[in-house]
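# sequence first, predicted coordinates after that:
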Amino acid sequence: MHLYLSTRHHLNSIYSNEEGQALYKVETPSGIASRTSSISYVVPNEGGDKSMVDRYAHLAQVDHNAVASSVLRFGGIQYETKDYFRKEGWGAQGRNRIFTGPDGREYKWVLQSYDCNLFTNDDAKTPIAAYHQKTYGFFSKAHPASLEIFPGGEHMIKEILITFVYIEKIRKDKERGAQAATF
């Protein structure tokens, strides 16, 4: 399953399925130090409303803090990222992050130069999700940015999306820092 982003900016995008149906929306107002991403999901249109306008309901919130621990809010619970994630090893763009999924298994986000990928944190290292940045078709076929969720992750799509919003911001910040250091 792919969730295609309507923009190349993961923090301000509508995430749609292969058929173009919007499923999620991430909105993040601009800010200097702390920013908050609101994640919503499409509410199925039931009953007499014949309009084709998507209606959204709140799913989660991510407070991206520059100094203090960032905060994830979902399922009626607030988690500080320093407690929700465990850091381990190093990726090209910083330390990898491990969390426990709703099934009790551990999963690891690996931060790479141009994307981030989620695997099971066990000997199998089964791919669960992969972020693909937008390509323009210079060296390969053009495609929009997407979050690909493999069959092993389809039971926890919401958790993947919520953690992705946080993880990809970390990766992007590290990428920007590395680019600024080269100039």
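That came through, no problem.
# so who does the residue nearest to Gly153 when sequence neighbours are not counted touch?
Closest residue to Gly153 apart from its sequence neighbours, by C-beta to C-beta, 6 or more residues apart in numbering: Ile128 at 3.8 Å. For glycine as for every other residue, the C-beta is placed from the backbone atoms N, C-alpha and C. By C-beta atoms under 8 Å, 6 or more residues apart in numbering, Ile128 lies in contact with 107, 118-120, 149-150, 152-153, 160.
# let's see the PyMOL selection covering just the buried ones among the residues you listed.
For anyone working in PyMOL, the buried entries among these, judged by 16 or more other C-beta atoms under 10 Å, can be selected with:
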select buried, resi 107+118+119+120+149+152+153+160
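# tabulate the contacts of Ile128 (a markdown table), appending pLDDT and secondary structure.
Shown next, in a markdown table, are the contacts of Ile128 (pLDDT from 0 to 100; DSSP: H, G, I helix; E, B strand; the rest coil):
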| residue | pLDDT | secondary structure |
| --- | --- | --- |
| Tyr107 | 98 | strand |
| Leu118 | 98 | strand |
| Phe119 | 98 | strand |
| Thr120 | 98 | strand |
| Ile149 | 98 | strand |
| Phe150 | 98 | coil |
| Gly152 | 97 | helix |
| Gly153 | 98 | helix |
| Ile160 | 98 | helix |
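# what's the closest of the contacts of Ile128 to Ser16?
Here the nearest of those to Ser16, counting by C-beta to C-beta, is Ile149; it sits at 13.3 Å.
# what's the distance between the residue most central in space within the chain and Arg171?
Nearest to the mean C-alpha position of the chain, by C-alpha atoms, centre = their mean, lies Phe164 at 2.2 Å. Distance, Phe164 to Arg171, by C-beta to C-beta, to the nearest Å: 10 Å.
# and for the two, which residues touch both?
With C-beta under 8 Å, 6+ apart as the test, Phe164 and Arg171 both reach Cys116.
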